[in-house]
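Colleague: Here is a sequence with its predicted model. Questions after.
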Amino acid sequence: TRKPGLPARGVRALAGLVGGPSAALGGAAGTLARRNAMRNPGRTAVTALALTIGVTLVTAVTVVATGLQNESSGALERRVQADTIITAADGWSPIDPKVEQALTSSTSSIRQDGGLVFGAQEGINGVDPATIERFYRFDFTDGGLTGDGAVVDEGFATEHGLEVGSPLRIQSMGGTTLDLKVSGIEESAILDVLGLGPITISHAAFDRAFEQQRNRLTFAADVPAGALAAFPNVQVQDKDEFIDAQTAWIGMLLAILWVLLALAVIVSLFGIVNTLVLSTFERMRELGTLRALGFSRRQIRRMVRHESVITALIGATLGIAAGLVLAVVVVELLGEYGLSFTVPVGSLLVVAVIAGLAGMLAATMPARRASRIDVLKALAYE
């Protein structure tokens, strides 16, 4: 007989591994289920393929998204030095400058508008150089923040060949032109979580050119109770609350991915059910022999269920492994931007548990059908 190839041997070994608990806990039925999965590794792998593909994609994106969340939270933790942050109630709309004026503690605000730079629209931030660095830290690679210069991020500087001292012309949407020089270059974050633009200038320069006089964010040392009662459209957050709010969209992305995982599991259920039903007919004589040798209907049902769970776990295991490899490639490509490889162990364990439960659910009908075969007809089945 022809020896199985390397992939088949790998699936057989994996079936033996993930089927170990079935053999240990399922008695004779569990042992036979493990052997059945190992006996035909090609069919087992094909049955688990749909689940493998779905789990691969979800695992890869979950790992990358977890890395993005950690990097984004870490960047905000490092950069935001304020104890209190004031934003609009929706988190992104500009807020009235009177909000800042109503506070008696030290404050600093970031304004924002769009301007034309090198023929393209870019986000322009306005800050107070005298106060901003008490509340917000810039990660400079060269130069610094001045009242008459512009800070650009590293990616923008590289794209346009800028360095400290380079001229930079900014035109507001109202037609006013600012001729500045680059005074500093800061590190580019892998994600601009705050939605700020690549160019930062002083409030004095910003107010000369831009009509948008409202603040995007206001940092404060302290906000006394009731100080902002006249501004119901703003929210006051401490640093942890602010970071959680700014990175919440990544959690929403992960939730969407888990919905996709659920869809992949549902699709894979049909494949597993179909294979188990066909297997019931193909192994009619085998099932009849087991019944004749004393296997109860309950044991037959248990065997089919364990076989289905083993198949699903093989799909999940292969999918998780392939997803981690894919995530490594993505992180390697984005590593220069600070993205780190983080394995969300808890999430991956949940994936495996869901796969096992899906396998158990998929086996419900085929297990019942297999347990109800007529022993005499099965023994005579050709």
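Modeller: Great, that's in hand.

Colleague: The chain: strands as residue ranges?
Modeller: 84-88, 107-117, 120-127, 140-143, 149-153, 167-172, 177-186, 199-202, 215-220, 234-238 (DSSP state E).

Colleague: how about TSV for these, with mean pLDDT and mean neighbour count added?
Modeller: The C-beta positions use only the backbone N, C-alpha and C, and glycine is treated the same way. Shown next, in TSV, are these (pLDDT from 0 to 100; neighbours: other C-beta atoms under 10 Å):
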stretch	mean pLDDT	mean neighbour count
strand 84-88	93	22
strand 107-117	93	21
strand 120-127	94	19
strand 140-143	93	16
strand 149-153	95	25
strand 167-172	95	16
strand 177-186	95	19
strand 199-202	96	26
strand 215-220	93	24
strand 234-238	93	17
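
Colleague: Save those strands as TSV, and put in distance to Ala75 too.
Modeller: Below are the strands of the chain laid out as TSV (distance: least, C-beta to C-beta, whole Å):
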stretch	distance to Ala75
strand 84-88	15
strand 107-117	16
strand 120-127	16
strand 140-143	15
strand 149-153	12
strand 167-172	25
strand 177-186	12
strand 199-202	16
strand 215-220	15
strand 234-238	17
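
Colleague: and of those strands, who's closest to Leu68?
Modeller: Leu68 lies closest to strand 149-153 among the strands of the chain, at 17.6 Å (C-beta to C-beta).

Colleague: dump the residue contacts of the spatially most central residue of the chain.
Modeller: In the chain, the C-alpha nearest the mean C-alpha coordinate belongs to Ala65, at 2.6 Å (C-alpha atoms, centre = their mean). Applying C-beta atoms under 8 Å, 6 or more residues apart in numbering to Ala65 gives the contacts 250, 253-254, 257.

Colleague: In helices, which of these fall?
Modeller: When DSSP state H is applied, the contacts of Ala65 are split such that 250, 253-254, 257 fall in helices.

Colleague: What is the nearest of those to Val80?
Modeller: Ile250 (17.0 Å).

Colleague: For that closest one, which non-adjacent residue is closest in space?
Modeller: Distances taken as C-beta to C-beta, 6 or more residues apart in numbering place Gln69 nearest to Ile250, at 4.5 Å, with adjacent residues excluded.

Colleague: Hmm, that neighbour is touching Gly251, no?
Modeller: Yes. Using C-beta atoms under 8 Å, Gln69 is in contact with Gly251, at 7.4 Å.

Colleague: Can you pick out the residue with more neighbours from these two?
Modeller: Ranked by neighbour count (other C-beta atoms under 10 Å), Gln69 and Gly251 place Gln69 first, with 21 against 12.

Colleague: contacting residues for that one?
Modeller: 247, 250-251.

Colleague: what's across from Leu178 in the sheet?
Modeller: Under DSSP bridges, the beta-bridge partners of Leu178 are Ile170.

Colleague: what's the distance between it and Tyr136?
Modeller: 22 Å (C-beta to C-beta, to the nearest Å).

Colleague: ok, back up a step: and the residue nearest to the centre of the chain, how far is that from Gly91?
Modeller: According to C-beta to C-beta, Ala65 stands 20 Å off from Gly91.

Colleague: next one: Val11
Modeller: For Val11, the distance to Gly91 - C-beta to C-beta - is 48 Å.

Colleague: With Ser166 instead?
Modeller: For Ser166, the distance to Gly91 - C-beta to C-beta - is 34 Å.

Colleague: And for Arg301?
Modeller: 53 Å.

Colleague: got it, and Leu49?
Modeller: Taking C-beta to C-beta, one finds Leu49 at 42 Å from Gly91.

Colleague: And for Ala225?
Modeller: For Ala225, the distance to Gly91 - C-beta to C-beta - is 22 Å.

Colleague: quick one: which of those two has more around it?
Modeller: Higher neighbour count among Ala225 and Gly91: Gly91, with 14 against 7, using other C-beta under 10 Å.

Colleague: tell me the contacts of that one?
Modeller: Contacts of Gly91 (C-beta under 8 Å, 6+ apart): 235, 245-246.

Colleague: okay but Gly54 is in contact with Leu261, surely?
Modeller: Yes. The criterion here is C-beta under 8 Å, and Gly54 meets it with Leu261 at 6.2 Å.

Colleague: And stretch 100-120, end to end?
Modeller: For stretch 100-120, the first-to-last residue distance is 32 Å (C-alpha to C-alpha, to the nearest Å).

Colleague: I'd say Ala358 and Val265 touch.
Modeller: Yes. The criterion here is C-beta under 8 Å, and Ala358 meets it with Val265 at 4.7 Å.

Colleague: what residues do these two have in common as contacts?
Modeller: Here Ala358 and Val265 have Leu51 as joint contacts, going by C-beta under 8 Å, 6+ apart.

Colleague: Quick check: which ranges of the stretch 1-150 of the chain have low pLDDT?
Modeller: 1-7 (pLDDT under 70).

Colleague: go with 90
Modeller: By pLDDT under 90, the low-scoring segments of the stretch 1-150 of the chain are 1-78, 89-94, 97, 101, 103-105, 139, 147.

Colleague: circling back: pull out the buried residues from the contacts of Ala65.
Modeller: 250, 254, 257 (16 or more other C-beta atoms under 10 Å).

Colleague: from the residues you listed, which is closest to Leu349?
Modeller: Of the buried ones among the contacts of Ala65, the one sitting nearest to Leu349 (C-beta to C-beta) turns out to be Leu254, at 15.3 Å.

Colleague: quick one: that closest one from Val331, how far?
Modeller: Leu254 is 16 Å from Val331, by C-beta to C-beta.
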